[in-house]
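Student: Predicted coordinates and the sequence they were generated for:
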Amino acid sequence: MASYLDGVPMSGIIRIRDMMYSVANPFRLDQGDVSFDSPGSVKSAMARAIAENKTHYLQTTGVPRLRELIAAKLRDKNRIPVDDPEDVLVTHGGIHGLYLICRALLEPGDEVLIPDPEWPPAAGNILAAQGVPVGCPLHESKGWRYDLDELESKITPKTRILYLNSPHNPTGGVLTRSDIDRLAAIARERKLWVISDEAYEDVVFEGEHVSIASLPGMYARTIPLYTLSKSYAMTGLRLGYVAIRDETIRERAKKLLFYTASNVASIVQFGGIGALEGPQDCIEEFRTELRARRDLFYEGIAEAAGGVFSGKRPAGAFYAFLRIREGGRESEMWGADSRPPDSWRMVEYLIENGRIGAVPGVDFGARGEGYVRFCFARDRKELNGALESMKQLFHVTPAVDPHGLTGNKVAVE
Ligand SMILES: Cc1ncc(COP(=O)(O)O)c(C=O)c1O
């Protein structure tokens with residue numbers, strides 16, 4: 001029986017999401033959902049598809065027009081030599097694409113190098129395909145990038161795949177062109193497959209986004225993975241895609257796509273056509289607004305949390321991955337000892353007493369302990385509300401003093 005699935009951990013993000021549903025007027029800085037509305041081009045294309053009764057089964061790998069548009073986008077924007085739309089598989093969001101690729105590539109016991117910390121579905125999907133995720137540190141001191149000698153030292157005869165995610169969830173680290181060059185050289189030399197998760201390709205504030213599959217010879221051994229969730233504010237619609245040049249792997253993924261979804265919802269695929277055919281201004285508008293929200297949040301939290309959290313502004317994605325101060329005066333709130341609160345205790349405290357959703361760093365892997373992730377893709381009102389609530393929490397005002405600590409003077413200057 002499939003008992004190996006019992007060892008696949010459930011992401012803590014789901015536990016937190018459930019906790020948040022029981023909070024009145026919450027500040028949803030926990031999940032990675034943008035507050036923007038989907039562009040008009042998406043909504044009108046879906047409305048038209050409904051009016052035209054496009055509510056029936058479709059080609060498993062996606063509507064031909066959508067696959068053509070995706071292939072053209074991969075060529076023009078990502079510089080990946082996708083000659084044939086046949087390479088493209090339309091998936092039920094990025095997470096489904098990752099599931100298909102892991103199942104199509106891995107044999108039991110194959111090792112996959114993943115970043116540590118990392119978005120939980122990466123390890124989860126590798127384990128669900130009976131692979132072995134091997135964490136490779138991202139260093140805060142390097143802007144949450146790899147030490148590439150260290151990465152190479154993790155490669156064993158069982159390593160099959162390098163899973164990359166840049167811009168990175170949860171840290172916001174962005175790999176540089178020279179990182180990508182060297183990673184490509186490592187993959188070629190060690191004959192590794194690469195899964196390149198580019199969910200945040202459009203959310204880069206500093207530096208540039210480089211698709212590793214655009215480098216010479218790399219598309220043959222790289223499966224690039226994308227989603228419309230973040231770039232077009234379509235998180236709930238569930239639309240993603242992968243491009244696979246290798247026919248054998250593609251056929252396997254196609255079978256899995258059919259057996260898990262038959263085809264992605266027809267209306268959603270027409271919405272995707274609307275997104276790619278329509279004006280692309282929203283991408284730049286979202287990025288500009290996300291940068292402003294990042295700055296608002298980082299400027300605000302320095303004062304609101306009185307130094308409890310620290311960290312540099314991320315170069316990409318839309319998360320503040322912040323270190324919890326060790327041994328500060330606020331630790332009096334956690335009890336007699338002055339140990340730093342673990343990341344779960346901090347998050348439970350923020351949710352229960354401040355209505356502020358956040359994700360404990362440890363949910364992203366061992367190196368995430370001691371950190372908390374906040375999503376700053378929420379609207380300014382919500383971000384300001386969370387900061388205001390935090391101000392009260394960390395100044396321990398009588399109104400929100402959960403542990404009866406008023407008088408303990410856990411105030412910040
Ligand atoms: C790193 C990363 N990859 C892929 C995805 C997939 O997103 P979706 O399944 O919404 O398309 C996400 C979503 O949060 C992500 O953070």
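Tutor: Done, it's in.
Student: Without its sequence neighbours, what residue ends up closest to residue 135?
Tutor: Spatial nearest neighbour of residue 135, chain neighbours left out: residue 116 (3.2 Å); criterion: C-beta to C-beta, 6 or more residues apart in numbering. Heads up, the C-betas are built off the backbone N, CA and C, glycines and all.
Student: go on, residue 155?
Tutor: Using C-beta to C-beta, 6+ apart, the closest residue to residue 155 is residue 190 (5.5 Å).
Student: I'd like the distance between the one you found and the ligand.
Tutor: Computed as C-beta to the nearest ligand atom, to the nearest Å, the residue 190 to the ligand distance reads 23 Å.
Student: if I read this right, that residue contacts residue 158, doesn't it?
Tutor: No. Shown here, residue 190 and residue 158 do not form a contact pair, counting by C-beta atoms under 8 Å, at 11.7 Å.
Student: Count the neighbours of the residue nearest to residue 155 for me.
Tutor: Per other C-beta atoms under 10 Å, the neighbour tally for residue 190 reads 13.
Student: Likewise for residue 119?
Tutor: 26.
Student: Likewise for residue 206?
Tutor: Burial of residue 206 is recorded as 12 neighbouring residues (other C-beta under 10 Å).
Student: is it true that residue 303 lies in a helix?
Tutor: Yes. Counting by DSSP: H, G, I helix; E, B strand; the rest coil, residue 303 is part of a helix.
Student: what's the spacing between it and the ligand?
Tutor: For residue 303, the distance to the ligand (C-beta to the nearest ligand atom) stands at 29 Å.
Student: any idea how far that residue lies from residue 296?
Tutor: Using C-beta to C-beta, to the nearest Å, residue 303 is found at 12 Å from residue 296.
Student: Let's verify residue 207: helix, strand, or coil?
Tutor: Applying three-state DSSP: residue 207 is coil.
Student: Now it: closest residue in space that isn't a chain neighbour?
Tutor: With sequence-adjacent residues excluded and distances taken as C-beta to C-beta, 6+ apart, residue 207 is closest to residue 174, at 4.7 Å.
Student: give me the element that neighbour is part of.
Tutor: Using DSSP states H and E, residue 174 sits in no helix or strand.
Student: So is the helix or strand where residue 74 lies next to the ligand?
Tutor: Assigned by DSSP H and E, residue 74 belongs to helix 64-76. No. Using C-beta under 6 Å from any ligand atom, helix 64-76 stays clear of the ligand, with a minimum separation of 13.9 Å.
Student: Counting by contacts, list what that helix packs against.
Tutor: Here helix 64-76 touches strand 88-91, strand 240-243, helix 266-277, going by 3 or more C-beta pairs under 8 Å, 6 or more residues apart in numbering; DSSP states H and E.
Student: same thing but at 10 Å, please
Tutor: Applying 3 or more C-beta pairs under 10 Å, 6 or more residues apart in numbering; DSSP states H and E, we find helix 64-76 packed against strand 88-91, strand 222-227, strand 240-243, helix 266-277.
Student: secondary structure element for the most centrally placed residue in the chain?
Tutor: Geometric centre of the chain, nearest residue: residue 169, 4.2 Å, by C-alpha atoms, centre = their mean. Assessed by DSSP H and E, residue 169 sits outside every helix and strand.
Student: Now it: closest residue in space, sequence neighbours ignored.
Tutor: Using C-beta to C-beta, 6+ apart, the nearest residue to residue 169 is residue 119, at 4.5 Å.
Student: What distance do you get for that neighbour to residue 307?
Tutor: 28 Å.
Student: can you check residue 213 too?
Tutor: Noted for residue 213: a distance of 42 Å to residue 307, by C-beta to C-beta.
Student: Those two - which one has more neighbours?
Tutor: residue 213 (25 against 15).
Student: shouldn't that one be in contact with residue 75?
Tutor: No. Counting by C-beta atoms under 10 Å, residue 75 is not a contact partner of residue 213; they are 11.0 Å apart.
Student: what's the neighbour count on the closest residue to the ligand within the stretch 101-250 of the chain?
Tutor: Closest residue of the stretch 101-250 of the chain to the ligand, C-beta to the nearest ligand atom: residue 227 (3.1 Å). For residue 227, the count of nearby residues is 25 (other C-beta under 10 Å).
Student: so what pLDDT did it get?
Tutor: Looking at residue 227, its pLDDT is 98.
Student: Now it. Nearest residue, chain neighbours left out?
Tutor: Distances taken as C-beta to C-beta, 6+ apart place residue 94 nearest to residue 227, at 3.4 Å, with adjacent residues excluded.
Student: unless I'm mixing things up, that neighbour is touching residue 196, no?
Tutor: No. Counting by C-beta under 10 Å, residue 94 does not reach residue 196; the two are 11.6 Å apart.
Student: Pull up the overlap in contacts between those two.
Tutor: 225-226, 242 (C-beta atoms under 10 Å, 6 or more residues apart in numbering).
Student: And the contacts of stretch 62-71?
Tutor: With contact meaning C-beta under 10 Å, 6+ apart, stretch 62-71 is reached by 49, 54, 58-59, 61, 80, 82-91, 226, 228, 239, 241-243, 257, 263-264, 266, 268-277.
Student: which residue sits closest to residue 351, ignoring its sequence neighbours?
Tutor: Closest residue to residue 351 apart from its sequence neighbours, by C-beta to C-beta, 6+ apart: residue 19 at 5.7 Å.
Student: That neighbour: which element?
Tutor: helix 12-21.
Student: For the following helix or strand past that helix, name the packing helices and strands.
Tutor: Using DSSP H and E, the helix or strand that directly follows helix 12-21 along the chain is helix 40-51. Judged by 3+ C-beta pairs under 10 Å, 6+ apart, helix 40-51 is in contact with helix 266-277, helix 281-304.
Student: Can you check what angle separates helix 40-51 from helix 266-277?
Tutor: Put simply, helix 40-51 runs at 150 degrees to helix 266-277, going by axes from the mean of the first three to the mean of the last three C-alpha atoms, to 10 degrees.
Student: ok, and what's touching helix 40-51?
Tutor: With contacts defined as C-beta under 10 Å, 6+ apart, helix 40-51 is touched by 37-39, 54-55, 63, 228, 232-234, 237, 239, 265-280, 282.
Student: cutoff 7 Å now
Tutor: Helix 40-51 is contacted by residues 232, 234, 266-267, 270-271, 273-275, 278-279 when judged by C-beta atoms under 7 Å, 6 or more residues apart in numbering.
Student: who in the stretch 201-350 of the chain is up against the ligand?
Tutor: 227, 229, 235, 240.
Student: Pull the most distant pair out of the residues you listed.
Tutor: Taking C-beta to C-beta, the two most distant members of those are 235 and 240; they sit 10.8 Å apart.
Student: Brilliant, that's me finished.
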